[in-house]
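> Take a look and give me a structure for this.
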Amino acid sequence: MIPYGHQNINQDDIDSVVNVLKSDYLTQGPQVPLFESSIATLTQARFAVASSSASAMLHVACLALGVSKGDRVWTSSITFVSSANCALHCGAEIDFVDVDISTANMCPKALELKLQLAEQGGTLPKVIIPVHMAGHSCNMEAIGRLARQYNIKVIEDAAHGIGGYYQGRAIGCCQYSDITVFSFHPVKIITTAEGGVATTNDAELAKRMRLFSSHGITKEIEQLVRPDEGDWYYEQQHLGLNYRMTDLHAALGNSQVHRIGDFIERRHQLVARYQQLFVAMNLKVVTPLSDSVSAYHLLIIQLPDCVDRKFVFNRMREMGVCVHVHYFPVHLQPYFMDLGFKAGDFPNAEHYYQHCLTLPLFPDLTFEQQDEIVTSLKGLV
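A predicted model of the protein is given here:
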């Protein structure tokens, strides 16, 4: 079976993890701050805070921005459920903004109209979470402009986006946002096995995210209410959680980050070859904005209306090609329909979902496997 995504692990990665196993620190040692520093440098952000997953970091980002009961948070319906659940875990209300079908990203025009109506009704959100679907940057300039106009905070869900660029700057630099969150799940661009990092240029937000991800506890003497208590003393200042990244996970990330350029270059090579192979086929590819460079976490096509997507999906898997679908609209998940959402609420998201299909894309995918994938697809569309 050709998987839709797969990690690339080499001997340097293995040695990095083994070295930690042989060291004095398995959890909170030197590897975690080193990984945070590497991500801050990569993204050109002032601060980076690591955690156990991107889902955890989205929750922490909302907490750091003060999201709580009575607040509203908006995100895209074409995403993994974490992009919405993070707000619900804070007691806030969640709502969605429709997407641009060509990019599968939050549509700035739909956002602008929704904000105008929300202002009239006194229901503006506290936070907006645009999602960089497939590694393609959202139109952050337009989203950032609207956020400033309505005094709304922005969290970029860049779980797919590490190593990508928008307007010549790294995704994660937070030029148009308050916080950006990355994922390092095994199928992502680089992996820590599980893990997430948030970047920000705001020192206070970085401090709050660090506290919330570690029980709300600090030992930093300049932050203590009782600084003279003793060297053993630690202080809980917030109701936090144990969302910390371990040194084992960070060690893998510290090895992987050195190869991120090679990984993305290979993904672009494979995407270009896919597009050449698609020339004779009636297929649309979900593509990035012209002023961005995608990390290409995913290669997503839009099947023609006349094609039965379920048949194509099942048949390709029978032929050994692990195609996938990203994503079922969050607002149509049973839990969210119980909150009052229904079919027809976000028509572009629903249309996109009905036609999308994710093809295998990962650095170790061979040209021979790619030919096999496209040949299998040709016989079905």
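
> before we move on, what SS does residue 111 have?
Under DSSP: H, G, I helix; E, B strand; the rest coil, residue 111 falls in the helix class.

> Give me the distance between it and residue 27.
As judged by CB to CB, to the nearest Å, residue 111 and residue 27 stand 41 Å apart. C-beta coordinates here come from the backbone N, C-alpha and C atoms, glycine included.

> cool, residue 309 as well?
Computed as CB to CB, the residue 309 to residue 27 distance reads 44 Å.

> Please identify which of those two sits among more neighbours.
residue 309 (19 against 14; other CB atoms under 10 Å).

> which residues touch the more buried one?
Residue 309 makes contacts with 303, 325, 354, 355, 356, 357, as judged by CB atoms under 8 Å, 6 or more residues apart in numbering.

> List the contacts of the helix or strand hosting the last one.
Put plainly, it is residue 357. Assigned by DSSP states H and E, residue 357 belongs to strand 356-359. Applying CB under 8 Å, 6+ apart, the contact partners of strand 356-359 are 4, 104, 274, 286, 298-303, 309, 312-313, 321, 323-326, 373, 377.

> Buried among these? Need that as a selection in PyMOL.
Burial among those is assessed by 16 or more other CB atoms under 10 Å; the matching PyMOL selection reads:
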select buried, resi 4+104+274+286+298+299+300+301+302+303+309+312+313+321+323+324+326+373+377
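
> Looking at the contacts of strand 356-359, which are in strands?
Judged by DSSP state E, the contacts of strand 356-359 include 299, 300, 301, 302 as members of strands.

> got the residue ranges for the helices in the stretch 251-381 of the chain?
Secondary structure of the stretch 251-381 of the chain, counting by DSSP state H, counting those that start in this stretch: helices at 260-277, 309-318, 334-338, 347-355, 367-378.

> Just name the most buried of those helices.
Scoring the helices of the stretch 251-381 of the chain by mean neighbour count under mean count of other CB atoms under 10 Å gives helix 347-355 as the most buried, with a mean of 18.

> hmm, back to that, could you export the helices of the stretch 251-381 of the chain to CSV, including columns for mean pLDDT?
CSV is the format used below for the helices of the stretch 251-381 of the chain (pLDDT from 0 to 100):
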stretch, mean pLDDT
helix 260-277, 97
helix 309-318, 97
helix 334-338, 98
helix 347-355, 97
helix 367-378, 97
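
> Using JSON lines, lay out these together with distance to residue 39.
Putting these into JSON lines (distance: least, CB to CB, whole Å) gives the following:
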{"stretch": "helix 260-277", "distance to residue 39": "10"}
{"stretch": "helix 309-318", "distance to residue 39": "35"}
{"stretch": "helix 334-338", "distance to residue 39": "31"}
{"stretch": "helix 347-355", "distance to residue 39": "30"}
{"stretch": "helix 367-378", "distance to residue 39": "30"}
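
> Kindly reformat the contacts of residue 309 as JSON lines containing distance to residue 203.
Listed next are these as JSON lines, based on distance: CB to CB, whole Å:
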{"residue": "303", "distance to residue 203": "47"}
{"residue": "325", "distance to residue 203": "41"}
{"residue": "354", "distance to residue 203": "45"}
{"residue": "355", "distance to residue 203": "44"}
{"residue": "356", "distance to residue 203": "40"}
{"residue": "357", "distance to residue 203": "44"}
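
> Between those, which sits nearest residue 369?
Checking the contacts of residue 309 against residue 369 with CB to CB, the nearest one is residue 357 at 16.8 Å.

> Can you tell me who the closest one pairs with across the strands?
Going by DSSP bridges, residue 357 is paired in beta bridges with residue 301.

> Please read off the pLDDT at it from the model.
Per-residue pLDDT puts residue 357 at 98.

> Residue 279 versus that one, what's the distance?
Distance of residue 357 to residue 279, given as CB to CB: 18 Å.

> Tell me which of those two has more neighbours.
Neighbour count, other CB under 10 Å: between residue 357 and residue 279, residue 357 has more, with 21 against 7.

> you'd agree residue 245 is up against residue 48?
No: between residue 245 and residue 48 there is no contact under CB atoms under 8 Å: 11.0 Å.

> In terms of neighbours, single out the busier of the two.
Neighbour count, other CB under 10 Å: between residue 245 and residue 48, residue 245 has more, with 28 against 24.

> Doesn't that one belong to a helix?
No: counting by three-state DSSP, residue 245 is not part of a helix but coil.

> what number of residues lie near the nearest residue to it once chain neighbours are set aside?
The spatial neighbour of residue 245 that comes closest, neighbours along the chain excluded (CB to CB, 6 or more residues apart in numbering), is residue 50 at 4.0 Å. Neighbours of residue 50 under the rule other CB under 10 Å: 29.

> Tell me which strands whichever helix or strand residue 50 is part of pairs with, and in which orientation.
Here residue 50 sits within strand 47-51, counting by DSSP H and E. Partners of strand 47-51 in the sheet, by DSSP bridges, are strand 196-200 (antiparallel).

> quick one, what contacts residue 159?
Residue 159 touches 54, 80, 82, 131, 132, 181, 182, 183, 185, 188, 196, counting by CB under 8 Å, 6+ apart.

> Go again with 7 Å.
Neighbouring residues of residue 159 by CB atoms under 7 Å, 6 or more residues apart in numbering: 54, 181, 182, 183.

> Make a markdown table out of those and add distance to residue 43 and pLDDT.
Compiled in a markdown table, the contacts of residue 159 are given as follows (distance: CB to CB, whole Å; pLDDT from 0 to 100):
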| residue | distance to residue 43 | pLDDT |
| --- | --- | --- |
| 54 | 14 | 98 |
| 181 | 11 | 98 |
| 182 | 8 | 98 |
| 183 | 14 | 98 |
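
> Among those, which ones are in helices?
residue 54 (DSSP state H).

> what about the residue lying closest to residue 90 once chain neighbours are set aside, which helix or strand?
Leaving aside its chain neighbours, residue 90 sits nearest to residue 67 (4.3 Å; criterion: CB to CB, 6+ apart). Assigned by DSSP H and E, residue 67 falls within no helix or strand.
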